[in-house]
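Peer 1: got a predicted model here, sequence first, then my questions.
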Amino acid sequence: MIILLCCSLTGVNVQANLISENLRISGCENTVIDFHKISETNISLIESPEGLRIYTRDKEISPKVIYVVNNIRTDAVINISNEVIYPNAHRVSLGQLFLDIRFGFENAKWFPGKYERIKSGDSKPFLFSLARKCGLCVPKFTIDSLFKPNIGGICKKPLGFPFKLSINKNSGKEVGVTGIIEFDENKMFYDGYLWQWQSLIATQSQIRCFFVDGKVWSVAWKREKEEPCDFRYINQIKGKKILWDQYFLPEEIIKKLSILMKSLGLNISAPEFLIDQYGEHVFIDLNPCGDWHGFFPENINKEIIQAITKTLISAL
């Protein structure tokens, strides 16, 4: 049995469902557990003299393989029933449920890797330090700080996930807070929040990849000079559609990326690169549980689905 763990901020988790359907077509029993739709899953985790078991919809599951399709963002769960009057308490409970599964099924084979390794792949200072040792080019500096460093040529990035749910203390209401990368140094001032400050990269193109067991698919967005180098800004703020074209990542970059993945104990990710004005590929993100649907054309989507399915089934 394979369990697909996911969160669905925007409704249906397309990636989890596509992988699940392909596993079924391949004759592999699996189930999707969506932490944003936990009431629909009707999940129970039971410890008894018979051992630790998971039940979903009154069906017992004994997972041999667990695939974390995307980051389990229990802090951002928004699909909460009306009976719950303390949403954050509900989210904390969901977070504990995930940890109980994580520690209770330690001996299952986890993908992209053990969850602690997944989280380390999301930690930029650690990730970039290791990537340097693997021969990849990374930003000159990355700083976690309340205050803007006294350095020119810098960008301001959200520390952690860009989207967060929080309480507006003035209104007392829950709000979704989205942090967008800021490139204008005149707008960078102390606001009481922790930020991540990074050296600015003069960018020609942004590369989005998907990595499965050493095989890499890539697409590129060649940005206009006047636009900032973050595609989310173009999508969310300017409301413009990004056109991604097929791209072939150089073999030497793939080799170094493979070394990094092995060092992290991961085998699936959605790496990102910026190509600077000198043609250098600057590694900026790993996204161990990153998206591929929405970036790649349909024929490549099918290849990625097949590759993930093969990897999961081979672990049974």
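Peer 2: Right, received. Where do you want to start?

Peer 1: average pLDDT for stretch 223-235?
Peer 2: What stretch 223-235 shows for mean pLDDT is 60.

Peer 1: how about stretch 290-310?
Peer 2: Rounded mean pLDDT across stretch 290-310 is 95.

Peer 1: how far off centre is it?
Peer 2: With CA atoms, centre = their mean, to the nearest Å as the basis, stretch 290-310 stands 15 Å off its chain's centre.

Peer 1: and the strands in the stretch 1-150 of the chain, which stretches?
Peer 2: 2-6, 30-34, 43-48, 51-56, 59-61, 65-68, 109-111, 142-145 (DSSP state E, counting those that start in this stretch).

Peer 1: got the contact list for the very next helix or strand once past the last one?
Peer 2: Read it as strand 142-145. Downstream of strand 142-145, the next assigned helix or strand under DSSP states H and E is strand 154-158. Here strand 154-158 makes contact (CB atoms under 8 Å, 6 or more residues apart in numbering) with 148, 179-183, 185, 188, 195-200. Every residue, glycine included, has its C-beta placed from N, CA and C.

Peer 1: next one: stretch 109-126
Peer 2: Stretch 109-126 has contacts (CB under 8 Å, 6+ apart) with 64-68, 71, 102, 127, 142, 144, 196, 264-269, 285-289, 311-312, 315.

Peer 1: would you mark the buried spots in that stretch?
Peer 2: Neighbour-count burial for stretch 109-126 flags 109-115, 118, 120-122, 124 (criterion: 16 or more other CB atoms under 10 Å).

Peer 1: residue contacts, residue 287?
Peer 2: By CB under 8 Å, 6+ apart, the contact set of residue 287 is 121-122, 269-272.

Peer 1: from residue 58, how far off is it?
Peer 2: 36 Å (CB to CB, to the nearest Å).

Peer 1: which residues are contacting the helix or strand harbouring residue 209?
Peer 2: Using DSSP H and E, residue 209 maps to strand 203-212. Here strand 203-212 makes contact (CB under 8 Å, 6+ apart) with 216-223, 229, 231, 244, 247, 249, 257-258, 261, 267-277, 279, 281, 290, 292, 295-296, 304, 307-308, 311.

Peer 1: would you quantify the distance from residue 132 to residue 270?
Peer 2: 20 Å.

Peer 1: settle it for me: which of the two has more neighbours?
Peer 2: residue 270 (21 against 13; other CB atoms under 10 Å).

Peer 1: isn't that one up against residue 292?
Peer 2: Yes. Between residue 270 and residue 292 a contact is recorded at 6.2 Å, counting by CB atoms under 8 Å.

Peer 1: got phi/psi on residue 114?
Peer 2: Main-chain dihedrals, residue 114, degrees, to the nearest 10: phi -50, psi 140.

Peer 1: mind listing what's buried along stretch 212-224?
Peer 2: By neighbour count with 16+ other CB under 10 Å, stretch 212-224 contains the buried residues 212, 216-221, 223.

Peer 1: quick one: least confident of those residues?
Peer 2: residue 223 (72).

Peer 1: how about a markdown table for the strands of the stretch 1-150 of the chain, with distance to residue 76 added?
Peer 2: Formatted as a markdown table, those follow (distance: least, CB to CB, whole Å):
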| stretch | distance to residue 76 |
| --- | --- |
| strand 2-6 | 13 |
| strand 30-34 | 13 |
| strand 43-48 | 19 |
| strand 51-56 | 22 |
| strand 59-61 | 25 |
| strand 65-68 | 15 |
| strand 109-111 | 22 |
| strand 142-145 | 21 |
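
Peer 1: in TSV: these, plus mean pLDDT and distance to residue 208.
Peer 2: Converted to TSV, the strands of the stretch 1-150 of the chain look like this (pLDDT from 0 to 100; distance: least, CB to CB, whole Å):
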stretch	mean pLDDT	distance to residue 208
strand 2-6	96	20
strand 30-34	94	24
strand 43-48	93	33
strand 51-56	92	33
strand 59-61	89	33
strand 65-68	97	20
strand 109-111	97	20
strand 142-145	97	20
